[in-house]
Every structure is written in structure tokens, then in C-alpha cells.
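1. how would this look folded up:
(chains A and B, ligands or ions: 1)
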Amino acid sequence: MANTAELNGVNGLRDIRRSPASHLAAALEAGSVQGTVVLNEGPFQTMAGVRVDPRSEEGGRIAAAAGGLPARCGEVTGKDGVSVLWLGPSEFLVVAPEQAHDSLGGNLIGSLTEALGDAPGQVVDLSANRTTFELSGPRARAVLEKGCSLDLHPRSFTPGTALNTEVGNIPVVLQKTGEESFRLFPRASFADFLGRWLLDAMREYASPEVP
Amino acid sequence: MLLISCPNCGSRDETEFHYGGQAHVAYPENPNELNDREWAEFLFYRDNTKGAFAERWLHSTGCRQWFNMLRDTVTYDIQAVYPMGTPRPAAAPAAPESGTASLAADSTTTGTAAPSISGTSTSAPSISATGTTASTTAPEGATK
Ligand SMILES: [Zn+2]
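-> I've put the predicted structure just below:
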């Protein structure tokens, strides 16, 4: 995350903003097993929900502004730290660092809105809709497999892809960012549940392995 | 647990989907000319088929798109998945292309749930390749 002290935002409101899982920060730190599986919240990412026909002219303009539009389930496009996740054939989630938000000096929402213009579609600021959990480590996949029925094996779920699915029985966008690192995007109201669910799933890895 | 093959996302758990009831219930051409009984029958009366049944499904926690499915109400065998707005395919016994979605009721827990990210495309399954545009945006015939 960027140096948040510099991000004062509109009317200085940035300082009093609380992320959906901020109350779990100590628990996430205590529940992480360094070198095995680590969980933390990466809050306040800038997110924009985009609905546009990717084959249309306006779809081309949005693609140019966002760094491409993914064509099929799982695909992620983007540029300069911006990720565009496929949610549906005409629905995409643009995820960018916090400072990309227009209220903090960025221009993500504005540039997408401008690219869409008056054409059919929508660009909605969804930055407060979801929070981000970052799960990494050699056991990260094993933790997710307790509550996700997709094939998460690397031969099928490769770094740089993202799937809209269920983890722990709640809807989550699951992005694989590296060989052993994942990002989970639950809606804000599910952040507490998912954080605690992941901590519970991680707990066994804090103990010595039983041969 | 059924494994349902979404045309956009590949095989997913049944819990990711919402059931949309009987497919191909056409809106009355002249609703004003219907009497109360006919209107009630359009709204509420549905077939209770034993065997192959065409129904609507929504991939609600995935791509949020509607599609039609031909499912055997006795064996739960999924015989076809086809786009909204296309006619119901014949209830052929296990057409090869619909086989990806077909699982016998007693074998649904085996590990064939690969999401096949690379293999899925946004085009319609070939069983319904009738030339109708397999529109991948909001379905025009969502109420049909
Ligand atoms: Zn789907």
C-alpha cells in the first residue's frame, strides 16, 4: 500500500476511513504463520464496475483506457498496476491502487467515465463495495480448497487469472496473483465472516504436522 | 450436488446457480383479451414433467447470465445447455456435446469440476448451433 499519510482525500476524510476488516487486523497477524500461510487485508483499493459490450466502439475506448478488456471467464487484463477482471460477458471489475481514485489525485473513474461517454453501459465507483484479502504462502491453496470447489491446482488455475465463485459458501472474486499468492474480494458485509473463516482454515498449519 | 456446465464459465457447483422455472413460457400475444383464468394459468400454471424438462437457470454467483437447460427430472441427467431465445433441442439420449454437463445422479461428487478456464468460450454449446446469435449480453428472450 502507498504511504497513506499523503492521501488526505476530499475534506481530509481519508484519515477517518475504516476498512471492513480493520477490526480483524490483530487477529490476522496472530493467525498468520510466516513461511506457511499469511493473511492480511489490503484495504481501500480503487474499484470500478464496468458494463459495456466489449465488441462495440465504446468497448474499444474503455479497453484503451483500462488496458484491455478480458474476453472470457478467468482472464485478467490491465496495465500500470490496474487489473481488469472478467465478471461476465459484458461486465468487468477494474481494480487499481488506492491512489488511482479521483478523490486522491488519480483519474481512474473519470477516465473510464469519459471513455464510455454517452454510449450504452455503465461505469460505477465500487471502491467501497469490496475489500481485499491477500492470502499467500505454500499452504494458501490448501486453505482455499477447504471452501472452494473449483480446481485450484496450478495446472488449471494459473497466476494472472481470476474467477467469480464461492469461497466458504459466500460469493467472492478469487484472483491468483502469483504461484502461491491469492487475492480475495468479498463484499464489505462478508469481510468479517470471510476473514474469520480463513483464520479458522489456517489454524491447523500453526501446529506441527502430524506424520 | 449437481455440476452444472455454465456456457460462459464451465462446470460449477449447483449452489452458484438460481433456478428460474420452466423455460419457453411465452408471454401472451394479447394479454388484454385473456380472461382471469387464462391469465392465472399463464402466471402460475407450470408443467410437472416426469422426464426431460426445459428450464431456466441463472449463474448468479458467476457470470450472472441466464441460460436454458434440458434436465431429466427423474435422473437429474443434464441433456443440454443452450442459450436463451433458442428453441428447445430434442430430448436426445445423451448427445455427445452435452455430455460435459451430464452426470449421473450417483456420480456428482467425483472430481470432474475443473473450471477449464482456457477451454471455455463465450459462444454457445454446439448443440444449439442453429445460427441464432448466441448473444452473451443480457438475454433478449429471458421470459421465453
Ligand atoms: Zn457462468
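2. Now do the phi/psi pair for residue A:14.
-> For residue A:14, the backbone dihedrals (degrees, to the nearest 10) come out as phi -60, psi -40.
3. Check residue A:117 too.
-> Backbone torsions for residue A:117, taken as degrees, to the nearest 10, come to phi 60, psi -140.
4. Over to residue A:98?
-> Main-chain torsions, residue A:98, degrees, to the nearest 10: phi -60, psi -40.
5. how near is the residue lying closest to it once chain neighbours are set aside to residue B:77?
-> Counting by C-beta to C-beta, 6 or more residues apart in numbering or on different chains, residue A:98 lies nearest to residue A:44, which is 4.5 Å off, once chain neighbours are set aside. C-betas here are computed from N, CA, C, even on glycine. According to C-beta to C-beta, to the nearest Å, residue A:44 and residue B:77 sit 48 Å apart.
6. quick one: which of the two has more around it?
-> Comparing residue A:44 with residue B:77 by neighbour count (other C-beta atoms under 10 Å in any protein chain shown), the higher total belongs to residue A:44, at 24 against 18.
7. Residue A:199 falls within a strand, correct?
-> No - under DSSP: H, G, I helix; E, B strand; the rest coil, residue A:199 sits outside any strand and is assigned helix.
8. For the most centrally placed residue in chain A, which residues count as its bridge partners?
-> Nearest to the geometric centre of chain A sits residue A:185, at 4.3 Å (C-alpha atoms, centre = their mean). Beta bridges link residue A:185 to residue A:173, judged by DSSP bridges.
9. My read is that it contacts residue A:170, right?
-> No - checked against C-beta atoms under 8 Å, the pair residue A:185 and residue A:170 is beyond contact range at 11.2 Å.
10. Taking chain A, what residue is nearest to the ion?
-> Nearest residue of chain A to the ion: residue A:73, at 6.8 Å (C-beta to the ion).
11. count of neighbours near that residue?
-> Using other C-beta under 10 Å, residue A:73 is surrounded by 28 other residues.
12. Please name the nearest non-neighbouring residue to it.
-> residue B:9 (4.6 Å).
13. State the distance from the one you found to residue B:62.
-> According to C-beta to C-beta, residue B:9 and residue B:62 sit 5 Å apart.
14. who has more neighbours, these two?
-> residue B:9 (28 against 24).
15. and stretch A:28-41, how far apart are its ends?
-> Stretch A:28-41 has an end-to-end distance of 8 Å (C-alpha to C-alpha, to the nearest Å).
16. Give me the buried positions along that stretch.
-> Of all the residues in stretch A:28-41, those buried under the rule 16 or more other C-beta atoms under 10 Å in any protein chain shown are A:28, A:31-33, A:36-41.
17. can I get the residues you listed in JSON lines with pLDDT and distance to residue A:211?
-> Listed next are these as JSON lines, based on pLDDT from 0 to 100; distance: C-beta to C-beta, whole Å:
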{"residue": "A:28", "pLDDT": "97", "distance to residue A:211": "29"}
{"residue": "A:31", "pLDDT": "96", "distance to residue A:211": "24"}
{"residue": "A:32", "pLDDT": "97", "distance to residue A:211": "24"}
{"residue": "A:33", "pLDDT": "96", "distance to residue A:211": "18"}
{"residue": "A:36", "pLDDT": "96", "distance to residue A:211": "17"}
{"residue": "A:37", "pLDDT": "97", "distance to residue A:211": "20"}
{"residue": "A:38", "pLDDT": "97", "distance to residue A:211": "24"}
{"residue": "A:39", "pLDDT": "98", "distance to residue A:211": "26"}
{"residue": "A:40", "pLDDT": "96", "distance to residue A:211": "30"}
{"residue": "A:41", "pLDDT": "96", "distance to residue A:211": "34"}
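18. could you redo those residues as a markdown table and give each row secondary structure and distance to the ion?
-> Supplementary listing: the buried residues of stretch A:28-41 in a markdown table, determined by DSSP: H, G, I helix; E, B strand; the rest coil; distance: C-beta to the ion, whole Å:
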| residue | secondary structure | distance to the ion |
| --- | --- | --- |
| A:28 | helix | 31 |
| A:31 | helix | 33 |
| A:32 | coil | 33 |
| A:33 | strand | 35 |
| A:36 | coil | 33 |
| A:37 | strand | 29 |
| A:38 | strand | 31 |
| A:39 | strand | 28 |
| A:40 | strand | 30 |
| A:41 | strand | 28 |
